[in-house]
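Asks: I need the structure of the sequence given here:
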Amino acid sequence: MGINDGRIAFVSNEILGNFNPDRTIDCHGDLILPGFVNCHTHLAENLFKGLMEEVNFEGLFYTTLFRWESLLDPEMVYWGSMAGALDALRCGVTTISDMYHHASATAEAVSEVGIRGHIGQKILGFALKRPPHQTESGIDYNFDFSAFSAQLDAAVEFASAWAGKADGRITTCIAPHATNTLNREMFATIADRAAAEGLRIHLHLAQMASERKAILSREGMGCVAFLEDVGLLDRPVLGAHAIFLDEGEIEI
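Replies: Presented below is the predicted three-dimensional model:
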C-alpha cells in the first residue's frame with residue numbers, strides 16, 4: 001500500500017510507477033483497516049472513568065452525574081476531552097460524535113489531537129445547577145424555559161462558530177440531552193430553530209426504561225413517536241442507544 005500526502009495512492013503486490021517511498025513500514029501479519037467511528041461519546045467524561053461503578057445507571061444518572069457535570073469548567077472539559085480523544089485514537093477510532101457541556105473545549109482538544117469530530121453543545125430543559133431529582137411520586141425535572149433558551153442559543157452559536165474548522169475535520173450539530181429531560185415546548189422550539197439554521201441533531205433516545213415511562217406518561221406515546229410528532233425528525237437526527245422502542249417506533 002502506497003501512501004502519498006496522507007492518502008492511499010495504490011494497493012498492489014508491487015510498488016507502482018515511480019513511487020519512491022521516504023519510509024517503509026513492514027506490516028506483515030497485520031491487518032490494515034479504516035479508522036473506526038464512535039457514533040456517540042462524551043470525551044470529557046474520561047474524567048469520571050471508574051467512579052461509582054457499583055451504582056446502577058439510572059441511580060447514578062439522576063443522583064450524581066448531573067451534579068458532577070455542574071462542577072466542570074471549560075479547562076476541565078478540555079483536558080478530559082484530550083484524554084478521551086487520545087484514548088480513542090489509541091483504540092483505532094479516528095472519528096467521534098460527541099455531545100457535552102463546554103463543547104468549544106472539546107472541539108479544541110479534537111482539533112489538536114487530529115481526529116475528526118461531529119460535536120454538539122448539550123442542551124438541557126433545566127439549569128444544570130438545579131438538575132432533576134427523585135421524589136416519592138417520580139422524577140421532578142425542574143423544567144426552566146429561560147435556562148433552556150440560553151443553552152439553545154449557546155448551542156447554535158457553537159455550531160456556527162466551529163462548523164468546518166480544523167481543515168474540515170470538525171462538523172457540528174445541536175444536542176438536546178434526551179426526550180425526557182426537555183419538554184414538548186422545548187423540543188418544538190429546537191425543531192424550528194434547527195430547521196431555520198440548517199442544523200443536525202444528536203440526542204439520547206430511549207436509553208433508559210424511565211425515559212420511555214416518562215414520555216408515555218407525559219405524551220401518551222413512545223420516544224420516537226414523540227420526536228416525530230414535534231417535527232424533530234424532519235431534520236437529520238442521530239439518536240443514541242434507542243433501546244426501549246416498540247415495533248412501530250423501529251419502523252419510523
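Asks: lowest mean pLDDT among the helices and strands, pick that one out for this protein.
Replies: The weakest-scoring helix or strand in the chain, judged by mean pLDDT, DSSP states H and E, is helix 57-60 (a mean of 66).
Asks: can you name the next helix or strand after that helix?
Replies: Sequence order places helix 66-70 as the next helix or strand after helix 57-60, per DSSP states H and E.
Asks: hmm, who's touching that following helix?
Replies: Helix 66-70 has contacts (C-beta atoms under 8 Å, 6 or more residues apart in numbering) with 48, 101, 128-129, 131-132. C-beta: built from backbone N, CA, C; applies to glycine.
Asks: which of those has the most neighbours?
Replies: Neighbour counts for those (other C-beta atoms under 10 Å) peak at H101, which has 23 neighbours.
Asks: which residues of this structure fall in strands?
Replies: Taking DSSP state E to define them, one finds strands in the chain at 2-4, 7-10, 36-41, 93-100, 116-123, 133-135, 138-140, 170-176, 201-205, 237-241.
Asks: okay if I get those as TSV plus mean pLDDT?
Replies: As requested, the strands of the chain are exported to TSV (pLDDT from 0 to 100):
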stretch	mean pLDDT
strand 2-4	89
strand 7-10	88
strand 36-41	98
strand 93-100	98
strand 116-123	99
strand 133-135	82
strand 138-140	85
strand 170-176	99
strand 201-205	99
strand 237-241	98
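Asks: columns mean neighbour count on top of those, output as CSV?
Replies: Below are these laid out as CSV (neighbours: other C-beta atoms under 10 Å):
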stretch, mean neighbour count
strand 2-4, 12
strand 7-10, 11
strand 36-41, 16
strand 93-100, 22
strand 116-123, 26
strand 133-135, 11
strand 138-140, 14
strand 170-176, 25
strand 201-205, 24
strand 237-241, 18
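Asks: which stretch among the ones you listed comes nearest V230?
Replies: strand 170-176 (10.8 Å; C-beta to C-beta).
Asks: now A206. Its backbone dihedrals?
Replies: phi 50, psi 50 (degrees, to the nearest 10).
Asks: residue ranges with poor pLDDT in the protein?
Replies: Counting by pLDDT under 70, the chain has low-confidence residues at 16, 55-63.
Asks: repeat that with 90
Replies: Across the chain, the ranges flagged by pLDDT under 90 are 4-21, 24, 49-67, 131-140, 210.
Asks: which stretches of it form helices?
Replies: Secondary structure of the chain (DSSP state H): helices at 57-60, 66-70, 74-90, 103-113, 145-162, 184-197, 209-219, 223-229, 247-251.
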